[in-house]
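*Asks:* This is a predicted model, with the sequence first.
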Amino acid sequence: MLKAVVCVSGGGTNLQAILDAMDAGRITNARIMAVISNNAGAGALKRAEKKKIPALVLSPKSYPDRESFESAFTAKMCELAPDLIVLAGFLVKIPDGMVKKFDGKIINIHPSLIPAFCGVGYYGLKVHEEALRRGVKVTGATVHFVNEGMDEGPIIAQKAVAVEEGDTPEILQRRVMEQAEWILLPQAIDDIANGRLTVKDGHVCRSGKVQI
Ligand code: GRF
């Protein structure tokens, strides 16, 4: 049984998609052992509470400097020792030390077709504002393994979503969530939990019948 820690910062709709997929049997052989947020007010924490999943807040603001936050965050993660860390709308960069200790065991969902609209400064609504400003006709979401870079790790899967006439950033964000994020992330977790998806030397390896 794969033990996952899910890291969140916001409303938690991606966390909810994972919980719903577990309840529906679309994710098997996995459980969420804890939810961690950098934001005490994150709606995602209420979603965890409803499912009686242990949740904790680790905010950089509670530490005198970045280094002490990163060592506390990394120490806590090592104590939990998950098989998989899932970044589900998590707005804190993962410390390099944690990336090294959990090499190949951290995945992230990003609301664009990487390498478009990603990297420093591209998060949440900002991604969709830029996509609309640039006038792209197709956008989407990407689920990828996490390395020391920002949104640069090996891509697991992507799903395209049409940009429609009159889209606002909020409308587009919702469509990307519904049609891409909430599908890709649970599928990737199920494939990893059932040994169909790994990463080695920066290359995603698939075996058996993968969903994505
Ligand atoms: C989502 O668009 C996600 O892709 C991005 O953060 C947004 C909020 O996600 N990383 P959630 O509703 O908190 O899961």
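*Replies:* Perfect, thanks for sending it.
*Asks:* by contact count, what packs against the helix ranked longest in the chain?
*Replies:* Using DSSP state H, we find that the single longest helix of the chain is helix 66-80. Counting contacts by 3 or more CB pairs under 8 Å, 6 or more residues apart in numbering; DSSP states H and E, helix 66-80 packs against strand 2-8, strand 30-37, helix 96-101. Every residue, glycine included, has its C-beta placed from N, CA and C.
*Asks:* Let me know the secondary structure of the residue of the chain found nearest the ligand.
*Replies:* For the chain, the residue closest to the ligand is Gly89, as judged by CB to the nearest ligand atom, at 2.7 Å. What DSSP: H, G, I helix; E, B strand; the rest coil gives for Gly89 is coil.
*Asks:* which ones are touching it?
*Replies:* Gly89 sits next to Val8, Ser9, Gly10, Gly11, Gly12, Thr13, Asn14, Leu15, Ala44, Ile109, Gly124 when contact means CB atoms under 8 Å, 6 or more residues apart in numbering.
*Asks:* Equivalent analysis for Thr74, please.
*Replies:* Pro95, Gly97, Met98, Lys101.
*Asks:* can you redo the residues you listed as TSV with pLDDT and distance to the ligand?
*Replies:* Output for those, formatted as TSV (pLDDT from 0 to 100; distance: CB to the nearest ligand atom, whole Å):
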residue	pLDDT	distance to the ligand
Pro95	97	18
Gly97	97	22
Met98	98	18
Lys101	98	23
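*Asks:* Closest one of those residues to His144?
*Replies:* For the contacts of Thr74, the closest approach to His144 (CB to CB) belongs to Met98, at 16.3 Å.
*Asks:* To what extent is the nearest residue to Lys101 once chain neighbours are set aside buried, counted in neighbours?
*Replies:* Nearest non-adjacent residue to Lys101, counting by CB to CB, 6 or more residues apart in numbering: Cys78, 6.4 Å away. For Cys78, the count of nearby residues is 13 (other CB atoms under 10 Å).
*Asks:* can you check Ser112 too?
*Replies:* Other residues close to Ser112 by other CB under 10 Å number 23.
*Asks:* Confirm it sits in a strand?
*Replies:* No - according to three-state DSSP, Ser112 belongs to no strand; its state is coil.
*Asks:* Per-residue pLDDT of it, please?
*Replies:* Looking at Ser112, its pLDDT is 98.
*Asks:* Could I get the buried residue list for the longest helix of the chain?
*Replies:* Neighbour counts over helix 66-80 (16 or more other CB atoms under 10 Å) mark Phe69, Glu70, Phe73, Thr74, Met77, Leu80 as buried.
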